[in-house]
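Peer 1: Predicted model, plus sequence, below.
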Amino acid sequence: MPKILQLTSEQVRILRKEARDKYPVEACALLFGRFAKEKVVVTKIVIAPNTLQSTTRFQIDPQLVFDSFEQAEQEGLRFIGLFHSHPAPHSPSAEDIRYMKLWGDAIWLILSLTDDSIAAFHMVNVKVQRIRIIIE
Ligand SMILES: [Zn+2]
């Protein structure tokens, strides 16, 4: 199980901009990259439209998910997880937790527009745990 999620400051800037541009609708993206021991390194971000256009929920077009997974596989990258923004604090919503169970090992990166903070979570034994973020 990964313990650290590594992003570049440029990636964080892109995600913050996307979150602000889509506000108050939740912005979302798929994260791909490499696994190195206990660290997961994001090397690719695929910005995705929120098909629900909701301020409390998000959904990504399944075709876009499929295409992005295929493309990443060809590039030798692995799926890391999902990014989305909250107009609210960054703790996962009840709905997020429901989907976290379905997405298995995926890391959930959530940006809160209340204070611009980001936090990463994943599910271990049906419990939500936080993952440390390193920004290089
Ligand atoms: Zn959420």
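Peer 2: Sure, I can see it. Numbering: from 1, shown residues only.
Peer 1: Pull up the residues of the protein that are close to the ion.
Peer 2: For the chain, the contact set with the ion under Cβ under 5 Å from the ion comprises 93, 96. Just so you know, the C-beta spots here come from the backbone N, C-alpha and C atoms, and that holds for glycine as well.
Peer 1: nearest residue to the residue of the chain found nearest the ion other than its sequence neighbours?
Peer 2: Nearest residue of the chain to the ion (Cβ to the ion) works out as Asp96 at 4.0 Å. Of all residues not flanking Asp96 in the chain, Trp108 sits nearest, at 6.5 Å (Cβ to Cβ, 6 or more residues apart in numbering).
Peer 1: Can you show me the strands along the protein?
Peer 2: Ranges of strands within the chain are 4-7, 28-36, 39-48, 78-86, 107-112, 118-124, 127-135, based on DSSP state E.
Peer 1: can you pull up the bridge partners for Leu109?
Peer 2: Assessed by DSSP bridges, Leu109 has beta-bridge partners Phe83, Ala120.
Peer 1: Go ahead and confirm it touches Cys28.
Peer 2: No: between Leu109 and Cys28 there is no contact under Cβ atoms under 8 Å: 10.1 Å.
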